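>>> I would like to see how this sequence folds:
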Amino acid sequence: MKKVLFLIYVLVLVSCTSRKENNATTQNNVPEALQDNKENKLVSFSKRGADDLVEELYKEKVKSTPALQTIETLIDKLSEAENDSLEVYNAFKAKNQQYYSSANSHLNSIKDSLLKKEIESVLEKNTLAYNNKISGLKNLVTNLNAKSSSAGDRHTILMILISLGMMNEYQDKNLPSKKPIESVISNYNTLIQKMDSVIGKNR
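You can find the predicted model right below:
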């Protein structure tokens with residue numbers, strides 16, 4: 001029985017050693033985002049969380065790729081310009097909506113039905129005129145939102161493709177060796193044979 005216990009101890013020791021060797025191998029040419037022992041996680045571009053490997057890998061690639069740096073700079077500038085360009089429009093639209101809401105509230109306080117209907121008609125015509133005035137701006141905003149959405153989709157696609165290329169390289173260069181697992185399986189086979197032998201003798 002002592003021989004069996006000793007053999008188990010040896011097997012555990014071999015298994016631990018093999019695992020350490022295997023882990024050391026898999027750290028070759030590994031991007032920081034994929035390293036098991038990384039201390040500081042890269043900040044993601046979105047709020048998906050710090051463990052978003054697509055964004056972490058992409059950001060790491062951006063640091064060493066001027067073409068991607070240019071794209072990211074343009075995205076930041078356009079996002080800021082978009083917000084600035086819509087700020088005045090949104091404030092103007094909000095003021096008008098606030099006014100017409102207030103006007104209709106006052107309209108509902110008129111007791112005379114004929115006068116109420118007359119003023120209601122005036123407000124409806126004015127609202128229609130306002131909508132005609134702002135229609136050109138509305139179309140531009142719709143177009144702007146579509147362009148922003150299209151650029152956002154392409155940015156997501158870009159992150160996926162760039163990070164996918166990095167993952168393919170990681171997989172090719174860091175595929176774990178079969179030998180440690182095969183070695184443990186072989187040792188288990190030896191252990192099982194030894195235990196079967198002892199079991200047979202003690203039946």
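
>>> quick one: the helices in the chain, in order.
In the chain, the segments counted as helices under DSSP state H are 2-26, 53-63, 66-107, 113-174, 179-201.

>>> and residue 159, how far is that from residue 80?
Plainly put, residue 159 is 20 Å away from residue 80 if you go by CB to CB, to the nearest Å. C-beta here means a position set from N, CA and C on the backbone, and glycine is covered the same way.

>>> pLDDT score assigned to residue 46?
The model reports residue 46 with a pLDDT of 48.

>>> brain fart, residue 77
pLDDT recorded at residue 77 is 97.

>>> can you get me a residue count around it?
10 (other CB atoms under 10 Å).

>>> go on, residue 33?
22.

>>> could you do residue 113 as well?
Residue 113 - counted by other CB under 10 Å - has 8 other residues nearby.

>>> residue 34: which of the helices of the chain is closest?
Between residue 34 and the helices of the chain, the shortest separation by CB to CB is 5.8 Å, and it involves helix 113-174.

>>> setting aside sequence neighbours, what's the nearest residue to residue 104?
residue 123 (6.9 Å; CB to CB, 6 or more residues apart in numbering).

>>> so who does that neighbour touch?
100, 103-104, 107 (CB atoms under 8 Å, 6 or more residues apart in numbering).

>>> farthest pair in these?
100 and 107, at 10.0 Å, using CB to CB across those.

>>> re the thing from before, reformat the helices of the chain as CSV; add distance to residue 35.
CSV is the format used below for these (distance: least, CB to CB, whole Å):
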stretch, distance to residue 35
helix 2-26, 10
helix 53-63, 11
helix 66-107, 21
helix 113-174, 10
helix 179-201, 20
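
>>> please consider this matter closed, and thank you.
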